[in-house]
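Asks: here's my sequence, what's the structure:
(2 chains)
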Protein chains: 2
Amino acid sequence: MAELKNDRFLRALLKQPVDRTPVWMMRQAGRYLPEYRAARARAGDFMSLCTNPEMACEVTLQPLDRYPQLDAAILFSDILTIPDAMGLGLYFETGEGPKFKKSVRTAADIEALPIVDTKKDLTYVVDAVATIRRELNGRVPLIGFTGSPWTLATYMVEGGSSKDYRRTKAMMYNQPEVFHLLIDKLVISITEYLNEQILAGAQAVQIFDSWGGALSHNAYFEFSLNPMRRIIDGLIKENEGRQVPVILFTKGGGQWLEAMADSGAAALGIDWTTDIGAARQRVGDKVALQGNMDPALLYAKPERIKEEVATILESYGAGSGHIFNLGHGVTPEVDPDHAGAFFDAVCELSEKYH
Amino acid sequence: MAELKNDRFLRALLKQPVDRTPVWMMRQAGRYLPEYRAARARAGDFMSLCTNPEMACEVTLQPLDRYPQLDAAILFSDILTIPDAMGLGLYFETGEGPKFKKSVRTAADIEALPIVDTKKDLTYVVDAVATIRRELNGRVPLIGFTGSPWTLATYMVEGGSSKDYRRTKAMMYNQPEVFHLLIDKLVISITEYLNEQILAGAQAVQIFDSWGGALSHNAYFEFSLNPMRRIIDGLIKENEGRQVPVILFTKGGGQWLEAMADSGAAALGIDWTTDIGAARQRVGDKVALQGNMDPALLYAKPERIKEEVATILESYGAGSGHIFNLGHGVTPEVDPDHAGAFFDAVCELSEKYH
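Replies: Numbers count the residues shown, from 1 in each chain, chains lettered A, B, ... in the order given. Here you go, the predicted model:
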């Protein structure tokens, strides 16, 4: 593997000194970029883009080519590859979000679900990671990722997106042992999935717990955080002579940061509802923090974006351990120049804190 | 006015001793009840139900007739009556949520908005409150309500529901002075609206800040909490020889409870993501707490509902100051018998804490 030329992101994850705050953006390879839309049109549809390692590599690199300020690449893929590999048949209807041909509703459905063998069932993901690492040629580190067990379970039980996770929660509350079996199969599958990503070249991994914030306090610990902790426990800790840091991101998890900081993750992703300075005080030296500008700020004027970046940097304060990001993924309607203004602001304003 | 026969709810709001924990349910007069669906079918549509004081009274009383355990009635109305009275033209498309014929997108749109004169423009609400009070005949207290300025503003700017409040936040971030003018007009209109509800007979009022949890930490204080504080400051404090308590409910506001407790509200509504015992410790003696069972628990078996009620009661602990409720409104698919099991559990299990 080529030597890493920019390790700002990995150093910040481990709270080691950096020259400025590193920055990347969730969903940075996405629909707000015209070059992405062109690639997707060529591929035909979203899943063809994900399952073709060369094309996944191409779109992963697009934001890096456009924005030299970026300090990390993230594998272009979907959070629902695991349930798809379990045989549920993932597809996307225009404007409708992800759907599954089969959903899991009964104990028998769950018992019948296979454990995913990443090398065999998700070869395209491993190949995409290897291809991207090769093509990155050491420019910046590559982040691998997965959805959390709870988040994947909601899609599997509902058969797609959901507003209130009715069926999933009914199963969770009524048949906790059945639901735990589903979660367990996901924990095992995801752990191996992330380890294969790491072995193929992912230098950090992020767990997207997109819907953890929809759970009650107790249910979050039992059905989302503890399973994520088990995944983290099972991950390869070091590869290529470097630590492989884990970023844990529960959207809407601002109330649970102390517990998340004890999960074994190196860093916590936080959304924009939490003040990052207050979050830093709460987690102390245990973890780095990633975030947390409101993605809607990218609809504002560049001057206003810069102002918000300044506020967040000032709130976090001096020292390493902050990876600048949005509090959630960038949305399709954003002007790419506004994203550029965001990255510029982080680069320009963060030096004085280091 | 008839003498109040059951003041458990009002006493708990003021942290005065009660014999058991009072209970009511957000959206208790709603689509999960067959008698409600019949009334709505008779009325033709939702707004016809809201604007007819006799019918609004009828559906307000339906849950009380079915569930003698309930300790409060809540005015049947919509949170969007104020923007409708401002001339935006509220309507509902089946399965689509609320929409406005006109939306407000520019400074000129906002300058042109009138302040609502409740007695003239929302006579039907005042009449509904008076009718319900008369028909309640002292059974339980009547709660009046409003949407919060921020919540109403999102519907007004977007022209309906929204996933990310894009246009609203763009205005808020780019033209804060324009957005403040909108918020100011809402603060003035809402204050008078609630005062007219109180004068017509509402014995407590709740502010539904349904979307406050979508704001960043700083924006929440500036655009949602401070305006709500101004409303509370302007409310009639006592009527019919009793205090008129205010309940402040920011869904997703668990991180901001300390600040909310300083708003002048007598009680805070909390959603199910916050542990109610931890919340009580954080707010101390300042306010009562209302909540906070996950509405999805009503899809579970009655035994499981009872278990959850027990957990929440135990978490809050001994003493007054807890009003049992869901953490958000009951959903249409719920079995009415499960709601009954919920109320039964609160009545049966809460006595020992008082």
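
Asks: residues making contact with stretch A:98-107?
Replies: Residues outside stretch A:98-107 that contact it (C-beta atoms under 8 Å, 6 or more residues apart in numbering or on different chains) are A:78, A:80, A:83-84, A:87-93, A:109-110, A:113, A:155-161, A:167, A:171, A:175, A:178, A:181-182. (C-beta placed from N, C-alpha, C; glycine too.)

Asks: now do 6 Å
Replies: With C-beta atoms under 6 Å, 6 or more residues apart in numbering or on different chains as the contact definition, stretch A:98-107 has outside contacts at A:80, A:88-89, A:91-92, A:110, A:156-157, A:159-160, A:178.

Asks: over to stretch A:284-291?
Replies: Contacts for stretch A:284-291 (C-beta under 6 Å, 6+ apart): A:13, A:15, A:247, A:261, A:267-270, A:276, A:279, A:321-323, A:325, A:327.

Asks: so of those residues, which ones are in strands?
Replies: Secondary structure from DSSP state E places A:247, A:267-269, A:322-323, A:325 of these in strands.

Asks: among those residues, which one is most surrounded by other residues?
Replies: The most neighbours of any of the ones in strands among the contacts of stretch A:284-291, using other C-beta atoms under 10 Å in any protein chain shown, belong to residue A:322, which has 30 neighbours.

Asks: looking at it, it is touching residue A:21, isn't it?
Replies: Yes: at 5.3 Å, residue A:322 counts as touching residue A:21 under the criterion of C-beta atoms under 6 Å.

Asks: what's the closest non-adjacent residue to the residue of the stretch 1-150 of chain A at minimum distance from chain B?
Replies: The minimum distance from the stretch 1-150 of chain A to chain B, using C-beta to the nearest C-beta, falls at residue A:97 (10.7 Å). In space, and not counting its chain neighbours, residue A:97 is closest to residue A:161: 4.2 Å by C-beta to C-beta, 6 or more residues apart in numbering or on different chains.

Asks: enumerate the residues of chain A near chain B.
Replies: A:166, A:169-170, A:173-174, A:216-217, A:254-255, A:272, A:275, A:294, A:296-297, A:299-301, A:304 (C-beta under 6 Å from any C-beta of the partner chain).

Asks: now do 7 Å
Replies: Counting by C-beta under 7 Å from any C-beta of the partner chain, the positions of chain A adjacent to chain B are A:164-166, A:169-170, A:173-174, A:213, A:216-217, A:252, A:254-255, A:272-275, A:294, A:296-297, A:299-301, A:304, A:331, A:333.

Asks: the stretch 51-200 of chain A: strands as residue ranges?
Replies: For the stretch 51-200 of chain A, the strands defined by DSSP state E, counting those that start in this stretch occupy A:73-74, A:90-93, A:97-100, A:142-147.

Asks: tell me what the shortest one is packed against?
Replies: Applying 3 or more C-beta pairs under 7 Å, 6 or more residues apart in numbering or on different chains; DSSP states H and E, one finds that strand A:73-74 makes contact with helix A:53-66, strand A:142-147.

Asks: quick one, which of the ones you listed is packed in tightest?
Replies: strand A:142-147 (a mean of 24; mean count of other C-beta atoms under 10 Å in any protein chain shown).

Asks: list the contacts of that one.
Replies: A:72-75, A:79-80, A:129, A:132-133, A:136, A:190, A:193-194, A:197-198, A:201-208, A:210 (C-beta atoms under 7 Å, 6 or more residues apart in numbering or on different chains).

Asks: what's the angle between the longest helix anywhere in chain A and strand A:142-147?
Replies: Identified as the longest helix of chain A according to DSSP state H is helix A:176-200. Computed by axes from the mean of the first three to the mean of the last three C-alpha atoms, to 10 degrees, the angle separating helix A:176-200 from strand A:142-147 equals 170 degrees.
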